[in-house]
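[1] how would this look folded up:
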Amino acid sequence: MTRNINNLIDTPRGLGRALACLVALLMGGAAYAQDDAAQAPTTIQWRATDTAGNPVAVPETGSISVVLFVKAEQDRSVEAMQQIRKLLTETPDAVGGADLQVVVVVSGHDAGVGASKLKDSGKCPWPIVVDTDYQASGLMSVRVWPSTVIVDEQGNQIARMPGLRESYTKDLRAYLDFAHGTIDKTELRQRLKTHSTVASTPSRVASRHLHLAEKLLEKGRTDLAREELQLGLVSSPDDAPLQLTLARVHMMVGQPAEAMAILDKLDTDAVAAWRVQTLRGRALVALKRFDEARAALVEALKINPDPAEAYYFMGRVHEQAGEWDQASQAYRNAFEKSTASQGLGAGETADGG
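    Numbering: from 1, shown residues only. All right, here's what the predicted structure looks like:
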């Protein structure tokens, strides 16, 4: 039974059907309400306290908000802060005649320590918020560090810019001009299109291969997706999103040892930690290393904004240990989170892609 269900888990609809079946068997087929809070928000409403004890609000009345998600000692994150600072210093008209607030969010288990070091370094002149449990990044659908989210004063998300591409400063300026109403959508598209014509870099090539691979995975073409990922890794062998997706493909075709080999060497600063831990837990379950799987999945569930898959494989761990009550609860949690965040067929794939 479990084996047949596990064969379905690489599609969102399959995950939902598998979990519904398990819940019906283990919990008597009870009906479960959807958790509306798990749905991606159409507007941003976020409140926090910065490291100085001051309140931070997004949206902020009368201000455009630039929320920069960083890892404290990641070179790309430091470079993003430098580029924003340079833009606002050298071209103060970038605020478009209106107030602009910049907030830096430090993510990760060691975010508190990292935020303190960042504050002391003098590299960040803006409010710093600690996001140890990834609540803020989950709210704003951030999965790559650094990422830049632009929100207008009504809370509408104007842009989410993952990573640090070559045209970062120009794209940021274009989005700010649009947010302040100095250009319209047509002009915005033109400026972004112009910026995208710059020469390809290894990171751009990697991004294109990743995008193509994800599209192929949506169609179930794991063979072609693997080829795209491997081509991307030729030009960017250390690209963490490519590596993580390749590990996922290995799991989809029943190669957990190969997936673990990638995960063990992965630079987790560039990808969401919960994705890594969830996929690690899944691979360890497949390898029957259940104690290690339990530890990885516990970590994944602490920080996971989309925990359906982690709960499912935690159920597998409990089931193997004969912990039937815990297994039932884990499968029930997985079913509830799956129906809430994926609608039994919408949204991300079950393995975290």
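
[2] In contact with Val78, which residues?
    With contact taken as CB atoms under 8 Å, 6 or more residues apart in numbering, Val78 is in contact with Val70, Lys123. The C-beta positions use only the backbone N, C-alpha and C, and glycine is treated the same way.

[3] I'd assumed it was in a strand, is it?
    No - secondary structure assignment (DSSP: H, G, I helix; E, B strand; the rest coil) places Val78 in helix, not in a strand.

[4] helix, strand or coil for Pro237?
    Pro237, by the three-state scheme (three-state DSSP), is coil.

[5] swap in Ile64?
    Secondary structure, three-state DSSP: Ile64 is strand.

[6] That one contacts Asp152, correct?
    Yes - if you go by CB atoms under 8 Å, Ile64 and Asp152 touch, sitting 5.9 Å apart.

[7] Need the overlap of contacts for those two.
    Joint contacts of Ile64 and Asp152 (CB under 8 Å, 6+ apart) are Ile158, Ala179.

[8] of those two, who's got more company?
    Ile64 (23 against 20; other CB atoms under 10 Å).

[9] So for the closest residue to the more buried one other than its chain neighbours, what's the pLDDT?
    Of all residues not flanking Ile64 in the chain, Ala179 sits nearest, at 4.7 Å (CB to CB, 6 or more residues apart in numbering). Ala179 carries a pLDDT value of 89.

[10] mind checking how far Ala179 is from Arg294?
    45 Å (CB to CB, to the nearest Å).

[11] Kindly report the same for Ala206.
    Taken as CB to CB, the span from Ala206 to Arg294 is 33 Å.

[12] The two: which is more packed in?
    Higher neighbour count among Ala206 and Arg294: Ala206, with 25 against 19, using other CB under 10 Å.

[13] how near is the more buried one to Gly315?
    Going from Ala206 to Gly315 by CB to CB gives 35 Å.

[14] what do you get for Ala327?
    Distance from Ala327 to Gly315, counting by CB to CB: 5 Å.

[15] Repeat that for Thr51.
    For Thr51, the distance to Gly315 - CB to CB - is 38 Å.

[16] got it, and Arg191?
    49 Å.

[17] Compare neighbour counts for those two and give me the winner.
    Neighbours were counted for Arg191 and for Gly315 using other CB under 10 Å; Gly315 has more, 28 against 19.

[18] Correct me if wrong: the more buried one contacts Ala334.
    Yes - between Gly315 and Ala334 a contact is recorded at 6.4 Å, counting by CB under 8 Å.

[19] three-state assignment of the residue nearest in space to the middle of the chain?
    Computing the C-alpha centroid of the chain and ranking residues by CA atoms, centre = their mean puts Arg143 first, at 2.0 Å. What three-state DSSP gives for Arg143 is coil.

[20] what's the answer for the one 5 residues further on, then?
    Under the three-state scheme (three-state DSSP), the conformation of Thr148 reads as strand.

[21] Excluding chain neighbours, what is closest to it?
    Leaving aside its sequence neighbours, Thr148 sits nearest to Met161 (CB to CB, 6+ apart; 4.3 Å).

[22] Now for Leu224, how many residues are close by?
    15.

[23] which residues touch it?
    By CB under 8 Å, 6+ apart, the neighbours of Leu224 are Leu216.

[24] Quick check: Ala159 vs Val234, distance?
    On the measure of CB to CB, Ala159 and Val234 end up 30 Å apart.

[25] quick revisit: got the confidence number for the residue nearest to Thr148?
    With respect to pLDDT, Met161 scores 91.

[26] Give me the distance between the two termini of stretch 168-187.
    Criterion CA to CA, to the nearest Å; first-to-last residue distance in stretch 168-187 is 17 Å.

[27] And stretch 302-313, by the same measure?
    15 Å.

[28] cool, and stretch 299-311?
    12 Å.

[29] One more: stretch 68-78?
    End-to-end for stretch 68-78, by CA to CA: 11 Å.

[30] cool, and stretch 128-147?
    15 Å.

[31] Would you mark the buried spots in that stretch?
    128-134, 136-147 (16 or more other CB atoms under 10 Å).

[32] after whichever strand or helix holds Arg160, next one along is what?
    Per DSSP states H and E: Arg160 is located in strand 157-162. Downstream of strand 157-162, the next assigned helix or strand under DSSP H and E is helix 168-179.

[33] how far off strand 157-162 does that following helix point, in degrees?
    170 degrees (axes from the mean of the first three to the mean of the last three CA atoms, to 10 degrees).

[34] Show me how far helix 168-179 is from its chain's centre.
    Centroid separation for helix 168-179 versus its chain: 22 Å, with CA atoms, centre = their mean, to the nearest Å.

[35] Just after it, pick out the following helix or strand.
    Next element after helix 168-179 (DSSP H and E): helix 185-195.

[36] I'd like to know which elements that following helix is packed against.
    helix 168-179 (3 or more CB pairs under 8 Å, 6 or more residues apart in numbering; DSSP states H and E).

[37] buried sites along the helix it packs on?
    Applying a neighbour-count criterion of 16+ other CB under 10 Å, one finds Tyr168, Thr169, Lys170, Asp171, Leu172, Arg173, Ala174, Tyr175, Leu176, Asp177, Phe178, Ala179 buried in helix 168-179.
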